[in-house]
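>>> whatever this is, show me its structure:
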Amino acid sequence: MLRGLRAICRLVGFGGVGVLGSGRTARAAQKSRACAPSIPRAVPADTSSDGFAAIDALVALMILATTIVLALGAAETARRASARASETRHAVALLRGLLATAPHHLGSAGGRLAGFDWRIETRVAVVATPVASVRVCERQADARSVTSKRRYALSTTELCPSQAAAS
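Numbering: from 1, shown residues only. This is a model prediction of the structure:
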């Protein structure tokens, strides 16, 4: 009888889900189980995850390596920017000192100091002044770094030295 019931259940496609505790008899529950579709049991998979652990470790190492490379690149960029700012500070200090202390005569002078090749030039500016005996001079100081070859310049205008002081 059970075999016939199973065959009918297969034809009809009845799942035979029984409700426990509904007052059904044991025989009715057995018939209900007979119509229940047979569910294939899952075969337990291999629980060893050695391969996954190795891949996880490689991914972690790649992330760490990428982070280190990016950090080193950022540190190198910061070091270059710091060196460039330091060089600019030294060049401006040198040029201001040259403009303040160099002799005030027309012409040019040059030299090498503190890692910079420098040149200072004084010439008469083409400016109309209200007083005919007063001349305005333009002084320009240039410096070029010996190591990086960058150029820096400062200029100023001031009264030219008098002719009596120059001779």
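>>> going forward, measure contacts and count neighbours with C-alpha atoms only.
Fine.
>>> point out where the chain drops to low pLDDT.
Within the chain, the stretches with pLDDT under 70 are 1-51, 163-167.
>>> can you give me the strands for it?
Secondary structure of the chain, counting by DSSP state E: strands at 107-113, 116-124, 136-145, 151-159.
>>> and the last one, what other elements does it pack with?
Secondary structure elements in contact with strand 151-159, counted by 3 or more CA pairs under 8 Å, 6 or more residues apart in numbering; DSSP states H and E, are helix 50-101, strand 136-145.
>>> of these, flag the one that's most buried.
Highest mean neighbour count of those: strand 136-145, a mean of 21 (counted as mean count of other CA atoms under 10 Å).
>>> picking up where we left off before, wait, which of the strands of the chain is closest to Ala78?
Each of these has some distance to Ala78 by CA to CA; the shortest is strand 136-145, at 20.0 Å.
>>> ok, and what's touching that closest one?
91, 95, 98-99, 115-127, 129, 150-160 (CA atoms under 8 Å, 6 or more residues apart in numbering).
>>> could you identify the buried members of these?
For those, a burial check counting by 16 or more other CA atoms under 10 Å picks out 91, 95, 98-99, 116-124, 152-154, 160.
>>> what residues of stretch 100-116 count as buried?
Neighbour-count burial for stretch 100-116 flags 104-106, 116 (criterion: 16+ other CA under 10 Å).
>>> closest one of the residues you listed to Ala83?
Phe116 (14.7 Å).
>>> care to break this protein down by domain?
2-35, 80-166 (automatic domain parsing).
>>> coming back round to it: let me have the strands of the chain in TSV, extended by distance to Thr66.
Listed next are the strands of the chain as TSV, based on distance: least, CA to CA, whole Å:
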stretch	distance to Thr66
strand 107-113	43
strand 116-124	39
strand 136-145	36
strand 151-159	37
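>>> for Arg79, which of those strands is the nearest?
strand 136-145 (17.8 Å).
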